[in-house]
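Undergrad: after the sequence you'll find the predicted model.
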Amino acid sequence: MKVILFSFLFTLEIFSQRFYQLVISNDAKEIIVDAFSKNGLTYFPIEVFSKEFQFKSKTNIESQQLEITFPQYLLKIRPRNSFVVLQLKKDKSEKVLQLPVSTISLKNQLYLPLEYVQNIIEKCLGGKISYKKVEKENAKDEQKEIVEKEIPPSAISALHVSVSEKANGTLVKLTSGKKVSKVTHTISDDVIKITFPEIFVDEKKLDQTFPKGLVKELKAVNTETGSEISLSLRKNYAAYEFIEEIVGKEFLVTIHNKKFAANNETKKEKWNFDVIVLDAGHGGKDYGAIGVNNTVEKEINLAVALKVGKLVNENIKDVKVVYTRNDDHFVELYKRGKIANENNGKLFISIHCNSTPKKKSDPNGFEVYLLRPGRTEEAIGIAERENRVIEYEDDPKRYQKLTDENFILVSMAHSSSMKYSEKFADMVHRQFKQNLSLSPRGVKQAGFYVLVGASMPSVLIETGYVSNPGDAAFLKSEKGQQQIAQSIVSAIKSFKSYYDRVIDSE
């Protein structure tokens, strides 16, 4: 069913958040912080809280991760993310905890839902805390409703929403008439809420109910700063994924059917970390990128993969190495994932080199990618180049776009391992940054076909730009390849320790 929404000049009531002061205390101290309510939850500023209780905090500029140092624990939090990491300082062991809702970033402050993190905070503090709400003196002014406010013409835009029921789940597609940034999403009490800044909608035209399927009701509410789209779900959903398919323009929500998601679950005993799959990109008739001084991507990819495998065999004896190719021959993309699955791989690493059409170009450095449709024009371009290998295959039509029913299956298969993929990607990026002279370009997302088939934690590494003279010389050298391989193996060691701890604790 397709719902077309046209925003137009009209009057409406806009409701502000409910702000108040929160008194938080333990046996030793009492502090007062500004807080607010949203969806019945109490959100408080964690950085202000830690400062008032005199605990150190710092924010990683690159990852936007906030780290707070408590006496025995290190608490790691990211904005607009439902996962928090609790690290025991004594042995560096980590526990990944998922909150029912995401954290909120507001006015350069990171807010946490107190009801869901109270036990975590108490563990960090080593004692119980209590809290009570106190109305601020100017609360009436802050909470005053703005009635019959006219929407400025510059804010008017069309928003198209389509809800499609598939055999394995539901696909919701939202297309904005104008580019919009910082779209956020949360889930609470079986309701997905998607916030569009500066986009106003005709609420009455949007309201829809669905007699069957995973989406029960679709609603919109205009706020002071934009609109909020709510998707009320039936109980037979398992999880959802939110993807920005076209930057600022097109967004997908894939909602997984519980029945099908159950078929994708793997028994715990099968998840011993005992097999890694090394995928040397390209090969045979597919040369990949040809760079400066005849630097050939397929040759570098294979050389690095073989060096990684050798180091793993020498240093991580209880882990078996499987190659998708260990010589210069062509392997179709779908077969690479098939090889990984048939060998019960627990980690899939696809090794590549980056390039630009212009030789001797300025772009340089390494990147680590996760499977998602690209969020930037650059990511989309890189995915298109790497996916172009299907032109060499006998049946290129076997690969469908990652935007339909097959993407629900893909995201469903990968959702259980995504946190591990993110963890390993972060470890690889950290090792490269620490050990290599190449420039770090971050952990990114793109729709690589080669990652689709591997139903396990998986990343694609762009080790450097063969089109850049400095990168090309490093990638082509024996020393450079060995340093890259050693960095990947160091990340594998760290990941294995983390992975084993998490699995044992479940």
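TA: Structure's in. What do you need?

Undergrad: and stretch 473-483, C-alpha only, in CSV?
TA: As requested, C-alpha coordinates have been extracted for stretch 473-483 and formatted as CSV (Å, rounded to 0.1, in the frame of the first residue of the first chain):
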residue,chain,number,x,y,z
ALA,A,473,54.4,2.0,-3.4
PHE,A,474,53.5,0.8,0.2
LEU,A,475,51.0,-1.7,-1.0
LYS,A,476,53.4,-3.2,-3.6
SER,A,477,56.3,-3.5,-1.2
GLU,A,478,56.9,-6.7,0.8
LYS,A,479,57.3,-4.7,3.9
GLY,A,480,54.0,-2.9,3.5
GLN,A,481,52.1,-6.1,2.8
GLN,A,482,53.6,-7.7,5.9
GLN,A,483,52.7,-4.8,8.1
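
Undergrad: contacts for it next, please.
TA: Residues external to stretch 473-483 that are found in contact with it (Cβ atoms under 8 Å, 6 or more residues apart in numbering): 292-293, 295, 300, 303-304, 307, 353, 435-438, 463-464, 466, 484. For every residue, glycine as well, the C-beta is placed using N, CA and C.

Undergrad: helix or strand: which one has the residue positioned nearest the centre of the chain?
TA: When Cα atoms, centre = their mean is applied to the chain, the residue found nearest the centroid is Glu422 (6.9 Å). Following DSSP states H and E, the helix or strand that holds Glu422 is helix 418-435.

Undergrad: what is the mean pLDDT for that helix?
TA: Helix 418-435 carries an average pLDDT of 89.

Undergrad: show me what whichever helix or strand comes after that helix is packed up against.
TA: Scanning forward in sequence from helix 418-435 by DSSP H and E, the next helix or strand is strand 440-446. With contacts defined as 3 or more Cβ pairs under 8 Å, 6 or more residues apart in numbering; DSSP states H and E, strand 440-446 has these neighbours: strand 366-371, helix 377-387, helix 418-435.

Undergrad: angle of the first one against strand 440-446?
TA: Read it as strand 366-371. Using axes from the mean of the first three to the mean of the last three Cα atoms, to 10 degrees, one finds that strand 366-371 and strand 440-446 are set 20 degrees apart in direction.

Undergrad: what's in contact with stretch 48-61?
TA: 24, 29, 31, 33-34, 47, 65-70, 109, 121, 125.

Undergrad: need the CA coordinates for it. CSV is fine.
TA: The C-alpha atoms that make up stretch 48-61 are tabulated as CSV, following Å, rounded to 0.1, in the frame of the first residue of the first chain:
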residue,chain,number,x,y,z
VAL,A,48,27.1,16.1,33.3
PHE,A,49,26.3,13.3,35.7
SER,A,50,29.8,11.9,35.5
LYS,A,51,31.3,15.4,35.9
GLU,A,52,29.2,16.1,39.0
PHE,A,53,30.2,12.8,40.5
GLN,A,54,33.9,13.6,39.6
PHE,A,55,34.5,10.8,37.1
LYS,A,56,36.6,11.4,34.0
SER,A,57,35.0,11.3,30.6
LYS,A,58,36.3,11.8,27.1
THR,A,59,34.8,11.6,23.6
ASN,A,60,36.5,9.9,20.7
ILE,A,61,36.2,12.5,17.9
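
Undergrad: now that stretch, how far from the chain's geometric center?
TA: Stretch 48-61 has its C-alpha centroid displaced from the chain centroid by 25 Å (Cα atoms, centre = their mean, to the nearest Å).

Undergrad: quick check: which ranges of the stretch 51-200 of the chain have low pLDDT?
TA: Scanning the stretch 51-200 of the chain with the threshold set as pLDDT under 70 gives 61-64, 135-157, 166-168.

Undergrad: so which residues of it form helices?
TA: With DSSP state H, counting those that start in this stretch as the definition, the stretch 51-200 of the chain shows helices at residue ranges 114-125, 139-143.

Undergrad: any idea which of the ones you listed gets closest to Ile77?
TA: When these are compared for distance to Ile77 using Cβ to Cβ, the nearest one is helix 114-125, at 9.0 Å.

Undergrad: what residues does the closest residue to Gly281 other than its chain neighbours make contact with?
TA: Spatial nearest neighbour of Gly281, chain neighbours left out: His352 (4.1 Å); criterion: Cβ to Cβ, 6 or more residues apart in numbering. Applying Cβ under 8 Å, 6+ apart, one finds that His352 lies in contact with 281-282, 288, 297, 301, 386, 460-463.

Undergrad: just curious, which of the residues you listed is nearest to Val183?
TA: Leu460 (25.2 Å).

Undergrad: quick one on the thing from earlier: ranking the helices of the stretch 51-200 of the chain by burial, who's on top?
TA: Mean neighbour counts were compared across the helices of the stretch 51-200 of the chain using mean count of other Cβ atoms under 10 Å; the top stretch is helix 114-125, at a mean of 17.

Undergrad: what helices or strands is that helix leaning on?
TA: The criterion is 3+ Cβ pairs under 8 Å, 6+ apart, and the helices and strands that helix 114-125 contacts are strand 41-45, strand 73-77, strand 83-88.

Undergrad: relative to strand 83-88, how tilted is that helix?
TA: Orientation check (the same axes, to 10 degrees): helix 114-125 against strand 83-88 gives 20 degrees.

Undergrad: thinking again about what came up before, wait, the residue nearest to the centre of the chain sits on Val428?
TA: No - using Cβ atoms under 8 Å, Glu422 makes no contact with Val428, being 11.0 Å away.

Undergrad: which one of the helices of the stretch 51-200 of the chain lies closest to Ile316?
TA: Between Ile316 and the helices of the stretch 51-200 of the chain, the shortest gap by Cβ to Cβ is with helix 114-125, which sits at 32.5 Å.

Undergrad: then that closest one to PDB, C-alphas only?
TA: As requested, C-alpha coordinates have been extracted for helix 114-125 and formatted as PDB (Å, rounded to 0.1, in the frame of the first residue of the first chain):
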ATOM      1  CA  LEU A 114      17.500   6.300  33.300                       C
ATOM      2  CA  GLU A 115      15.000   3.600  33.800                       C
ATOM      3  CA  TYR A 116      17.000   1.300  31.600                       C
ATOM      4  CA  VAL A 117      20.500   2.200  32.700                       C
ATOM      5  CA  GLN A 118      20.000   2.600  36.400                       C
ATOM      6  CA  ASN A 119      21.400  -0.900  37.200                       C
ATOM      7  CA  ILE A 120      24.400  -0.300  34.900                       C
ATOM      8  CA  ILE A 121      25.100   3.100  36.700                       C
ATOM      9  CA  GLU A 122      24.800   1.400  40.100                       C
ATOM     10  CA  LYS A 123      27.200  -1.300  39.100                       C
ATOM     11  CA  CYS A 124      29.700   1.400  37.900                       C
ATOM     12  CA  LEU A 125      29.300   3.400  41.100                       C
END
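
Undergrad: so how far is that helix from its chain's centroid?
TA: Computed by Cα atoms, centre = their mean, the separation of helix 114-125 from the middle of its chain amounts to 24 Å.
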